[in-house]
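K.L.:
Predicted model, plus sequence, below.
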Amino acid sequence: MKKLLYGIGALVLLIVLALVILTQVVDTDRVKRVLIEQTREKTGRTLVINGDLSWRFFPSIGFTVNDAALLNPAGFAKGNTLSVGEISLDVALKPLFDNRLEIGEAVLGNARLHLITRADGMTNIDDLRALSAESAAEPASTAASEPAETGEATVPPSISLAGVRVVDAEVVMQNDASGKLTRLNRVNFTLDNFAPGQTVPLSLSGNLFTDDIQANINATGQFWLAPTLDSLRVNELELTTGATGRAIPGNKQLKLQGDLAYDLNEKLAEFSNMTLDLGALDVTGELSVRHLAVPELTFNLHTQLLDIDALQADWQATPASADQQEDQPVAENGAVPATLSAAVPSAEPDVSLLQNIKVDGQLVADKVLASGIEMEQLEIHIRVDQGKLLLDSVQAQLYEGTIDAKGQLDVTRQPARFQVQKQLTGVNARELLKAAADIDYLEGRADLVFDLTGAGLTADAIKQSVKGTAGLRVADGALHGVNIAALIRRAHAKVKGLPLPAEDAVEKTDFSALTADFAIAKGKVSTDNLHMASPLLRIDGEGETNLLDESLDVLLNTAIVGSLKGQDGEELSELKNILLPVRIAGTYQEPRYSLDLQQVFDLYLRDKAEKEAERVKRKLNEKLGEQLGDKLGDKLPGLLDRLGL
C-alpha cells in the first residue's frame with residue numbers, strides 16, 4: 001500500500017515538475033509572434049501585444065494576455081479597433097475527454113472598442129463580419145460531407161462557460177456620415193454560468209454620452225442564447241436610466257421592464273410585456289425595432305393617462321441649478337455621470353429625428369389631458385416615413401361627443417409644414433370652450449368641421465401661418481353674457497324717453513340653431529354668413545377675430561320676428577322686421593356687446609314720420625276730398641323730409 005502511495009505521489013510530483021518545466025520552456029515571445037502572424041494571415045489585420053503572455057496548465061489550460069490591440073484596417077485612420085488591458089481564459093482538462101468544453105470565467109479588463117463608420121457607409125469591422133460569415137459557412141459544408149465518408153455521425157461538443165466578466169470597458173461609435181459620436185464608458189458586465197440554450201443571470205452598468213444626452217445605465221435580466229448562436233433573449237429585463245443633457249432638461253429617470261428578444265440575422269429587436277415609466281408617462285404594450293440603415297419602429301402601446309400638459313411642463317427647457325448639478329445620480333458601479341449644459345430652448349422644436357426613422361404604431365389612451373382639454377378612449381395610428389409623420393386616424397370621446405381627425409407633419413422642409421382635418425360631433429360646446437380657452441358664453445350641442453394647413457410648430461407660428469376653412473353648427477343653445485332682446489328693449493326705451501326696464505338677472509340669449517362658415521388666414525378668422533335663429537330673433541352676422549391678440553369685431557344684424565314687448569307690455573311693432581345692429585367687441589375672455597342707439601333712434605324717427613304723414617294724409621282726405629288729398633299725399637313725404645320730420 002505504501003509503495004502504491006509512493007508511486008502515485010511520485011507520479012503527481014513528476015506531472016507538476018513537467019508542467020513547471022513546460023511553463024519555463026515555452027517561448028512566450030514566439031507564441032506572441034505566431035499569434036500576430038496568424039492574425040495577419042487570417043484577417044489581414046495587425047495585432048499588437050505589448051504586455052506579457054502567461055500560461056496555466058493545471059488543473060486547467062489557461063492563458064492571460066496583457067496590453068494587446070487590434071489595429072484598424074486599411075482605409076481608416078490610424079488607431080485601434082479593439083484594445084484590451086487584460087484577457088484571461090481557462091479551459092478544464094478532464095471534461096475534454098468526455099467531449100465537453102468547459103470554459104472558466106472569461107475576464108476582459110479595460111477594453112476599448114472603437115467602431116468607425118465612414119461617410120460612404122463602410123465600417124472598420126466589415127472585414128471581420130465577412131470572415132465570420134465565411135467561417136460559419138465552412139463547418140456546415142464540412143460536417144455535411146464527413147458522415148458520407150466515414151459513415152459516422154459527428155456529435156458536437158457541449159459548451160459551457162463559468163461566466164463572463166467585463167470590467168471598466170469603453171465603446172466609442174464614430175459616424176463620419178452623420179457627424180455624430182456616441183460613447184459608452186465604465187461599462188461593467190457579468191454573465192454567470194453561461195451555456196447556449198440555458199437561461200442565466202445577467203447584469204450591466206455604464207455611462208452613455210452623445211452630443212445631446214448623457215445617462216447612466218443599470219440593467220439586470222435572465223439571458224438566453226440559442227445553440228445556433230443566431231438569436232438571444234433577455235427575459236425579466238429591468239433597465240433604469242438617469243439622463244440629462246441639451247436634449248433633456250433637468251434630470252430624467254427612466255424605468256423599463258419586460259422581455260427582450262433579438263434576431264441577429266433579421267437585425268430585429270422585439271420587446272414584449274413592456275412597461276415604461278418616464279416621469280408623467282406610464283405605458284405598457286409591445287415594441288419592436290429593426291436595425292437597418294433607416295431604423296424601423298413598430299409598436300402597440302396603451303396608457304391609462306396621457307397627460308400632455310404634464311409632459312410639456314416636465315420637458316420644458318429650464319436652466320439647471322447648482323444643486324441639481326451637484327446631486328447627479330450615481331450608478332451602482334460608483335460612476336458619477338458628467339453634467340452637460342442645460343437644455344437651450346429654440347424657436348422651433350427639433351424634430352429632425354423623424355427624417356431618419358420609419359414608424360408604424362398604435363397608441364391607445366384611456367384618458368388624455370392636452371391644453372386643459374380632456375378626452376377619453378383615444379386611439380391614434382401613427383406612421384413616419386421619409387420625414388413625414390402621418391396620423392391616419394385619431395378617434396376619441398370629447399365632452400359628450402366624438403372627435404375624428406387625421407393629420408400630417410412634413411419635417412423635410414423648414415419650418416415644418418402641417419395639415420389637419422378634424423370633425424367634432426355632438427360636443428358640449430360650453431364645456432369644451434371653457435376648458436380650451438376659458439370662454440364661457442356659448443352653449444349647445446356643436447358640430448365642427450375644419451381643414452387647416454400651416455407652417456411652424458410654435459404657438460405664434462401656427463397662429464400666423466394657419467389657413468383653411470371651418471364650419472360650425474350649434475343646436476338648442478344660448479349665448480351667455482348678453483340678452484339681445486333685453487338690449488333692444490332698453491335701447492327702445494331710451495329712444496322713446498321711457499323709464500329703462502330693470503336688467504334681467506340672467507344675461508342669456510337662447511337660440512334653436514346657430515351656423516357659420518369661417519375662412520382662416522393671416523392670423524385672422526372671418527365669416528360673412530353667421531346665422532342664428534330663435535323664436536323672437538333672427539340674426540345674420542359677419543366679422544372677424546384676430547388669433548394673435550384674441551380681439552373680436554363682429555356685427556350681428558338682428559331682426560325681431562316674434563312678439564317682443566316693451567316694459568309697459570306694448571309690443572314693439574315699430575321695430576319688427578327692422579335690422580338692428582348689435583356689435584361684439586373686446587376679447588375672447590371679455591366680449592363687449594352694444595346696440596347702435598343712433599340707428600335705433602333714426603329708425604324710430606323714420607317710423608314716427610311715416611305715421612305722422614299717414615295721419616296728415618288722412619285728415620286732408622277728410623277735409624279736402626279724396627282727390628286733393630291724394631295729390632298732397634304724394635308731395636307730403638318730401639315736404640316732411642325737408643322739414644326734418
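P.N.:
Sure, I can see it. Residues are numbered from 1 along each chain as shown.

K.L.:
Can you tell me the strand partners of the strand ranked longest in the chain and which way each runs?
P.N.:
Identified as the longest strand of the chain according to DSSP state E is strand 158-175. Paired with strand 158-175 in the same sheet, following DSSP bridges, are strand 100-109 (parallel), strand 112-117 (parallel), strand 180-194 (antiparallel).

K.L.:
got the buried residues for the second one?
P.N.:
Judged by neighbour count using 16 or more other C-beta atoms under 10 Å, the buried positions of strand 112-117 are 112-114, 116-117. Backbone N, C-alpha and C define where each C-beta goes, glycine included.

K.L.:
next one: the first one
P.N.:
Residues of strand 100-109 classed as buried under the neighbour-count rule (16+ other C-beta under 10 Å) are 102-108.

K.L.:
so what's the backbone phi/psi at residue 264?
P.N.:
phi -70, psi -40 (degrees, to the nearest 10).

K.L.:
And the buried residues of strand 112-117, which two are furthest apart?
P.N.:
Longest distance between any two of the buried residues of strand 112-117 is 17.2 Å, between 112 and 117; criterion C-beta to C-beta.

K.L.:
Helix or strand next in line after the helix or strand hosting residue 234, which one?
P.N.:
Using DSSP states H and E, residue 234 sits within strand 231-245. Once strand 231-245 ends, the next helix or strand along the chain (criterion: DSSP H and E) is strand 248-263.

K.L.:
got the buried residues for that following strand?
P.N.:
Neighbour-count burial for strand 248-263 flags 248-252, 254, 256-262 (criterion: 16+ other C-beta under 10 Å).

K.L.:
pLDDT (mean, whole number) over the longest strand of the chain?
P.N.:
Mean pLDDT, strand 158-175: 83.

K.L.:
now for stretch 74-85, what's the gap between its first and last residues?
P.N.:
24 Å (C-alpha to C-alpha, to the nearest Å).

K.L.:
burial count for residue 443?
P.N.:
The tally of other residues near residue 443 (other C-beta atoms under 10 Å) stands at 20.

K.L.:
now swap in residue 470 and tell me
P.N.:
Counted with other C-beta under 10 Å, residue 470 comes out at 17.

K.L.:
confidence score at it?
P.N.:
So residue 470 comes in at 96 (pLDDT).

K.L.:
Could you do residue 433 as well?
P.N.:
Per the predicted model, pLDDT is 88 at residue 433.

K.L.:
Count the residues that sit near it.
P.N.:
For residue 433, using other C-beta under 10 Å, the count is 19.

K.L.:
With adjacent residues omitted, what lies nearest to it?
P.N.:
Residue nearest to residue 433 in three dimensions, not counting chain neighbours: residue 439, with 4.1 Å by C-beta to C-beta, 6 or more residues apart in numbering.

K.L.:
what residues are up against that neighbour?
P.N.:
433, 588-589 (C-beta atoms under 8 Å, 6 or more residues apart in numbering).

K.L.:
For it, give its distance to residue 199.
P.N.:
According to C-beta to C-beta, to the nearest Å, residue 439 and residue 199 sit 60 Å apart.

K.L.:
again with residue 376
P.N.:
Applying C-beta to C-beta to residue 376 and residue 199 gives a distance of 41 Å.

K.L.:
Which residue of these two possesses the greater neighbour count?
P.N.:
residue 199 (17 against 12).

K.L.:
I'd guessed that one sits against residue 225; true?
P.N.:
No. When contacts are counted by C-beta atoms under 8 Å, residue 199 is not listed as touching residue 225 (9.4 Å).

K.L.:
Within the sheet, what are the partner strands of the strand holding residue 234, with directions?
P.N.:
Strand 231-245 is paired, per DSSP bridges, with strand 214-225 (antiparallel), strand 248-263 (antiparallel).

K.L.:
Just send these back as JSON lines, with mean pLDDT and distance to residue 584 too.
P.N.:
Shown next, in JSON lines, are the strands paired with strand 231-245 (pLDDT from 0 to 100; distance: least, C-beta to C-beta, whole Å):
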{"stretch": "strand 214-225", "mean pLDDT": "94", "distance to residue 584": "54"}
{"stretch": "strand 248-263", "mean pLDDT": "91", "distance to residue 584": "42"}
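
K.L.:
Identify the residues contacting residue 371.
P.N.:
Residue 371 touches 308-309, 436, counting by C-beta under 8 Å, 6+ apart.

K.L.:
Assumed residue 40 was part of a helix.
P.N.:
Yes. Assigned with DSSP: H, G, I helix; E, B strand; the rest coil, residue 40 falls within a helix.
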